[in-house]
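J.: Quick one: sequence and predicted model below, then my questions.
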Amino acid sequence: MFSLLQSEWFKLSKSNIIYILLAGPLVGLLIGLTGNESIFPDEVNQWTGALLMMNLTYALLFLPLITGVLAATICRYEHQAGGWKQLLSLPVTRGKVFVSKYMLLMLLILAIQVLYLGSLLVVGLIHGYTDAFPMEIVWKSIIGGWVATLPLVALQLWMSLLFKSFAGSFAVNVIFTLPTILAINSERFGPYYPWAQPVFMMNVGGDTSSTFFIPWEQLLMVVGGSFLLFFIGGFIYFQRKAV
């Protein structure tokens with residue numbers, strides 16, 4: 001498994017992966033530096049207000065969309081010149097190939113989240129925040145956003161295995177991501193929409209007493225349930241995929 005992860009990373013390192021990893025944190029940095037902080041009352045923690053402002057665009061659109069970009073990138077080499085036949089002719093099982101690609105994708109998303117945290121720190125330093133840094137709330141938001149992408153990455157890996165073109169898998173992601181704007185405003189449908197979970201689980205204005213700002217039932221049923229559905233579906237598809 002470790003050798004497969006090394007192989008996958010070697011292939012990614014030959015692409016423009018660094019620009020993809022930096023895109024989200026740079027967007028967050030730009031929003032944090034140019035946003036209007038006066039919209040928050042004086043009693044709101046400066047760090048919390050900045051994070052809330054940055055999350056509106058980052059968690060709503062960028063984080064779900066970037067899962068599709070990374071998944072399409074990690075499968076690009078295999079879709080070219082009989083790459084799947086070459087890979088699967090090696091002494092590796094299809095299951096290990098699928099799991100290794102999924103694990104690397106989740107590590108990349110975690111790296112983006114950590115860089116995004118760095119963007120928040122830079123915003124605070126430039127603006128000269130004097131309030132205490134809300135460590136627990138910030139880490140809940142960062143880790144929560146990462147956990148929320150578990151099912152999205154599984155589905156996008158499935159779609160990237162299914163479609164040879166980058167446009168095909170990315171179009172599926174866009175189709176399901178855009179309705180998030182409407183879903184988050186619906187108390188009835190929003191909590192059950194997988195693409196809305198990054199927003200809810202990074203929302204520092206949510207229930208701070210909960211593990212990731214959402215009820216445990218929502219975390220287990222929506223995030224956990226959709227993860228199992230998409231991961232098992234993609235796993236079975238790849239086991240039966242003709243190459």
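T.: Looks like it arrived, so ask away. Numbering: from 1, shown residues only.
J.: from the chain's centre, how far out does the helix or strand in which residue 201 is found sit?
T.: According to DSSP states H and E, residue 201 maps onto helix 197-202. Relative to its chain's centre, helix 197-202 lies at 10 Å (Cα atoms, centre = their mean, to the nearest Å).
J.: which outside residues touch that helix?
T.: 55, 58-60, 63-64, 141-142, 144-145, 147-149, 151-152, 180, 184, 190-191, 206, 212-214, 218-219, 222-223 (Cβ atoms under 8 Å, 6 or more residues apart in numbering). In this view, the C-beta of every residue, glycine as well, is placed from N, C-alpha and C.
J.: Also stretch 24-44?
T.: Residues beyond stretch 24-44 that count as contacts (Cβ under 8 Å, 6+ apart) turn out to be 46, 49-50, 52-54, 56-58, 62-63, 66, 112, 115-116, 118-120, 122-123, 126-127.
J.: Show me those that map onto helices.
T.: Among those, the members found in helices (DSSP state H) are 46, 49-50, 52-54, 56-57, 63, 66, 112, 115-116, 118-120, 122-123, 126-127.
J.: Buried subset of the residues you listed as a PyMOL selection?
T.: In PyMOL, this line selects whichever of those come out buried by 16 or more other Cβ atoms under 10 Å:
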select buried, resi 46+49+50+52+53+54+57+63+66+112+115+116+119+120+123
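J.: other SSEs contacting the lowest-mean-pLDDT helix or strand in the chain?
T.: The weakest-scoring helix or strand in the chain, judged by mean pLDDT, DSSP states H and E, is helix 2-13 (a mean of 74). Secondary-structure packing of helix 2-13 (3 or more Cβ pairs under 8 Å, 6 or more residues apart in numbering; DSSP states H and E): helix 63-74, helix 94-127.
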